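Colleague: below are the sequence and a predicted model for it; my questions follow.
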Amino acid sequence: LSLLLRRRTGLRLRDLGPLRAARREELLALDLTDRRSGYPLQMVVRAADAGWRITEHDVPYTPRTGASKVTGTWRGTYQAVRDMSRVLQEPPAR
């Protein structure tokens, strides 16, 4: 995913991150449509297309307890891959 994201946007991100911050009007202008696993990726891709400054910062966290809804099941993994693949295939917004 990281390599595909880099090819699509030029960004070198290690993770989609636990937090994304943006001003409301600019965020709404991105016209995000994915409401499942592709949402965080679509936000990053469209923000990059819009010329936003995107930075990545390490944050402290507590390891997850329990199973992930996405990577903890075959169905969740399949849906995440499908959703994110669809986002990466979108033509760049101009």
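Modeller: Ah, there it is. Numbers count the residues shown, from 1 in each chain.
Colleague: and the residue sitting nearest the centre point of the chain, which helix or strand is it part of?
Modeller: Nearest residue to the geometric centre of the chain (Cα atoms, centre = their mean): Leu41, 1.8 Å. Assigned by DSSP states H and E, Leu41 belongs to helix 39-49.
Colleague: export that helix as CSV, just CAs?
Modeller: The C-alpha coordinates for helix 39-49 follow below in CSV (Å, rounded to 0.1, in the frame of the first residue of the first chain):
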residue,chain,number,x,y,z
TYR,A,39,-11.9,6.7,3.8
PRO,A,40,-8.5,7.4,5.4
LEU,A,41,-6.7,6.6,2.2
GLN,A,42,-9.1,8.7,0.1
MET,A,43,-8.6,11.6,2.4
VAL,A,44,-4.8,11.5,2.0
VAL,A,45,-4.9,10.9,-1.8
ARG,A,46,-7.4,13.8,-2.4
ALA,A,47,-5.6,16.1,0.0
ALA,A,48,-2.3,15.4,-1.9
ASP,A,49,-4.1,16.1,-5.2
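Colleague: contact partners of that helix?
Modeller: With Cβ atoms under 8 Å, 6 or more residues apart in numbering as the test, helix 39-49 has contacts from 1, 5, 8-11, 13, 16-17, 20, 22, 27, 30-34, 54, 83-84, 87-88, 90, 92-94. Glycine gets a C-beta too; all of them are placed from N, C-alpha and C.
Colleague: filter these to the buried ones?
Modeller: 5, 8-9, 11, 13, 16, 27, 30, 32, 34, 83-84, 87-88 (16 or more other Cβ atoms under 10 Å).
Colleague: out of those residues, who's nearest Arg64?
Modeller: Leu16 (15.1 Å; Cβ to Cβ).
Colleague: so what's the closest one up against?
Modeller: Leu16 makes contact with Pro40, Leu41, Val44, according to Cβ under 8 Å, 6+ apart.
Colleague: look up how far Tyr61 lies from the first one.
Modeller: Per Cβ to Cβ, to the nearest Å, Pro40 is found 16 Å from Tyr61.
Colleague: those strands in the protein, which residues are they?
Modeller: Taking DSSP state E to define them, one finds no strands in the chain.
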